[in-house]
Structure formats: C-alpha cells, structure tokens
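J.: Sequence plus predicted model, see below.
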Amino acid sequence: MEHHASLLAQWLTQVLHLSQHPWPGFAHGAALSILERYDHLLNAALAALVTMLFTALVRKNLSRIPGPLQQMFEGVVEWLKGMINDNIAHHGEKYLPFIGTMALFVFFNNLFGLLPGLSPGTSNWNVTLGAALVVFGYYNFHGMKEQGFLKYWAHFAGPIWWLSILMFPLEILGLLSRILSHSLRLFGNIAGEHVVAGIFFGLMPILLPVPMMFLGLFFGLIQTFVFTMLATIYLSGAVSHEH
Amino acid sequence: MKKFLTTAFLFTLAAVAFAQGAPAAATKSLFEGQFTAHIALAIAAAGCGLAQGKAVVAACEGVARNPQAAGNIRTTMIIGLALIEALVIYVLVAAFAIK
C-alpha cells in the first residue's frame, strides 16, 4: 500500500522543521519525517484528545437544564447503558466507562476521515489492533475476576472431560482469533472507505466525493456500533456465570 | 451457453488488457499479484452481496410481521451483517497485502 501522510502531519513537519529521511522497508524509501511516518498515531492521539476535551467540557458544564452538548452526550450514555444492560445480565453498568470511552475514541477516529487535512487513525491496522488488544485484555481480566482464574479457563474446556483435550486448544484458538477479526473488521472498513473516497476525489474533486463522504459518516457510525457491540458481547460472554 | 461464452470472452479480453497494462510483469504468471487480488475481491463481494441480501430479506420479513420487535431485529441484523462483511474485509486486507 502506498503511504499518504495527512496534511496535518505534513504541515507540522514544515512548521516544526522536522528532519525527513527514508525509512527502511517503508513507502519505497520516500523521505518522511517522524510525524509523517507515524501519521496514524498522530491522528489517534488527536482523536483521544478530542474525546477527552469533549467529555471534560460536558463534565464541567453539567446542569439540571441540559444544553445541546449535554443532551447529545446524555443520549449517547443512555444508549450505551441500554446496550450493556441488554447484553450483560447483572450489574453491567460498571463496564460503562470502558465501553463508552472505547466507543467515543473509535467514533472520533472514524470521523477524522471526513475532515480535510486529517486521516482516520483507524485506517491503520496498528491502531485498531491496539484497541482490540485492550478490549481483549479487559474482558479476560474481568472474566477471571468475576469467575475465578481456574473456573474461567475451565469454561473453555467444555462440559465433557474427555473431549476437553480437543476442545481446549480450539477454544483458545477461537479466543485469539477474535483479536484478529475484531481489529481487521474496523481497519478494513475504514481503510476501504477512505481509499474509495480518495479515488472518487481523484476522478472529480467537486461534488462527486459528497455521497461517498455521507457513506463515510454512516459507515463510521455503523462500525463504531459494531465494534462496541462486539466488545460488549465478548465481555458478557466472559463475565456471565454459567448456570 | 451463449451467456457463458460471452462471459468467457469478456474474461479473456480483461486478461489480455491486464497483461498489456503491465509489461514489467511479463515474467510473472497472470495469476500472480494484483490481478488475483481483484478477482478474489470480486468473488468475495458477490458472495457477500448474496448473503447480506438474504439476511436483510429475513430481517424485513420479521419487521413486517412484528413491527414491535424492530429494535431487536435491527441490532441482530447489523451484527450479522458485520460478521458476513468481515469475510470480504479479510479478502480486502489480503488484496492490500498483495503488491
């Protein structure tokens, strides 16, 4: 894949006078600064910053008569709460901060594809893999915390003891492949959408990319929803007690 | 039969066009590299289209019979569509990986 650094990274390179040099085995030896090379991290950090700023702003201006921003965030929190309560049987609301942060981070990352000068951090596999690994660690940790270390891992062995030698490796393989599918789905969708929008922009920069950008808005929302929903389902599978 | 022959003819034409477009890859087989990626993506997209169509048809029927359950059906449908779509996304990632 060719490497296109976002305009923000190029601009920062010029403003900060960063040195540009080729990176071995990357982008066919094009001279790039560190910000252009790790463009996705710049954009992901920016998305994290935007998430924190937005939530801090809402938090600071909390009032009994909500303004537009607070109302929007209340809607988001209500929706996440409903989703968690639908999927996790008992007291699932303690997972709300993590799930909500993940959702907002992924959402802002996806939307960066629509802003000129930025590129979505999630269109690079490294960012989505990081997010999926964090989710993976989180639900395994809480599964072990809720059910106990032995009981959590014993649940992968299946109900029949003499089949467990067959079941256990398969279940562990399935568990590990979740990281792959969880991260690749987000990455592939956003990267694909971004590439198609770029091709449309190359064909005709005026008006033609608009429907694609609308689709990008829609897909960004859907993919955030799917990512969050799957994280919740994995979490519910890990923490729910078998009866 | 006529349809099949037309398809086969178009396919050959496309193959010739591809071969002419890439003179540097003359030493390579035609089914190496980008051509494979494009065909694989087309096959995956066709299968995905059929499968997602079936899923949406079932969801629509469900909602038409019982509009009360629209919310739950929509959530389940979107999760199912995402899981179906993931297979095409794997091919897309593989296509990105093929130089």
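T.: Yep, it's here.

J.: Which parts of chain A are strands?
T.: Residue ranges of the strands in chain A, as given by DSSP state E, are A:21-22, A:31-32.

J.: Right, and chain A sits closest to which residue of chain B?
T.: Nearest residue of chain B to chain A, counting by Cβ to the nearest Cβ: residue B:89, 3.3 Å away. All C-beta spots, glycine's among them, are computed from the backbone N, C-alpha and C.

J.: OK, contacts around that residue?
T.: A:184, A:185, A:187, A:188, A:189, A:192 (Cβ atoms under 8 Å, 6 or more residues apart in numbering or on different chains).

J.: Please look at the last one and residue B:92 and confirm they touch.
T.: So that's residue A:192. Yes. Between residue A:192 and residue B:92 there is a contact under Cβ atoms under 8 Å: 5.5 Å.

J.: center of chain A - which residue?
T.: Centroid-nearest residue in chain A, with Cα atoms, centre = their mean: residue A:106, separated by 3.8 Å.

J.: Which element is encountered next along the chain beyond the helix or strand of chain B with the lowest mean pLDDT?
T.: One helix or strand of chain B scores below all others by mean pLDDT, DSSP states H and E: helix B:2-21, with a mean of 57. Following helix B:2-21 in sequence order, the next helix or strand is helix B:34-65 (DSSP states H and E).

J.: mind listing what's buried in that following helix?
T.: B:35, B:37, B:39-41, B:44, B:48, B:51-52, B:55, B:59, B:62-63 (16 or more other Cβ atoms under 10 Å in any protein chain shown).

J.: near chain A, which residues of chain B?
T.: B:75, B:78, B:79, B:82, B:85, B:86, B:89, B:90, B:92, B:93, B:96 (Cβ under 8 Å from any Cβ of the partner chain).

J.: residue in chain A nearest to chain B?
T.: For chain A, Cβ to the nearest Cβ, closest residue to chain B: residue A:188, 3.3 Å.

J.: My read is that that residue contacts residue B:97, right?
T.: No. With contact defined as Cβ under 8 Å, residue A:188 does not count as touching residue B:97 (11.5 Å).

J.: re earlier: between the strands of chain A, which gets nearest to residue A:163?
T.: With respect to residue A:163, and counting by Cβ to Cβ, the nearest of the strands of chain A is strand A:31-32 at 52.9 Å.

J.: quick one: the helices in chain A?
T.: A:7-16, A:34-37, A:39-60, A:68-87, A:96-111, A:125-147, A:149-154, A:164-203, A:209-239 (DSSP state H).

J.: what's the neighbour count on residue A:21?
T.: Close neighbours of residue A:21, defined as other Cβ atoms under 10 Å in any protein chain shown, add up to 12.

J.: ok so, going back, can you say which of the helices of chain A is nearest to residue B:68?
T.: helix A:68-87 (15.7 Å).

J.: Put the alpha carbons of that closest one into CSV.
T.: Taking C-alpha atoms only, helix A:68-87 is exported to CSV below (Å, rounded to 0.1, in the frame of the first residue of the first chain):
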residue,chain,number,x,y,z
PRO,A,68,-27.3,20.9,23.4
LEU,A,69,-24.0,19.2,24.0
GLN,A,70,-25.0,17.7,27.3
GLN,A,71,-28.2,16.5,25.7
MET,A,72,-26.3,14.8,23.0
PHE,A,73,-24.0,13.1,25.4
GLU,A,74,-26.9,12.0,27.6
GLY,A,75,-28.4,10.3,24.6
VAL,A,76,-25.1,8.5,23.9
VAL,A,77,-24.7,7.4,27.5
GLU,A,78,-28.3,6.3,27.7
TRP,A,79,-27.9,4.3,24.5
LEU,A,80,-24.7,2.6,25.7
LYS,A,81,-26.3,1.9,29.1
GLY,A,82,-29.3,0.2,27.3
MET,A,83,-27.0,-1.9,25.2
ILE,A,84,-24.9,-3.0,28.1
ASN,A,85,-28.0,-3.8,30.2
ASP,A,86,-29.4,-5.8,27.3
ASN,A,87,-26.3,-7.9,27.0
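
J.: what about it, average pLDDT?
T.: In this model, helix A:68-87 carries a mean pLDDT of 90.

J.: Off-centre distance for it?
T.: For helix A:68-87, the separation from the chain centroid amounts to 18 Å (computed by Cα atoms, centre = their mean, to the nearest Å).

J.: Name the surrounding residues that touch it.
T.: Contacts for helix A:68-87 (Cβ under 8 Å, 6+ apart): A:54-55, A:57-58, A:61-63, A:66, A:92-93, A:95-96, A:99-100, A:103-104, A:228-229, A:232-233, A:235-236.

J.: One more: stretch A:181-194?
T.: A:106, A:109-110, A:113, A:119-120, A:122-125, A:127-129, A:131-133, A:135-136, A:212, A:215-216, A:219-220, A:223, A:226-227, A:230-231, A:234, B:82, B:85-86, B:89-90, B:92-93, B:96.

J.: which of these are buried?
T.: A:106, A:109-110, A:113, A:119-120, A:122-125, A:127-129, A:131-132, A:135-136, A:212, A:216, A:219-220, A:223, A:226-227, A:230-231, A:234, B:82, B:85-86, B:89-90, B:92-93, B:96.
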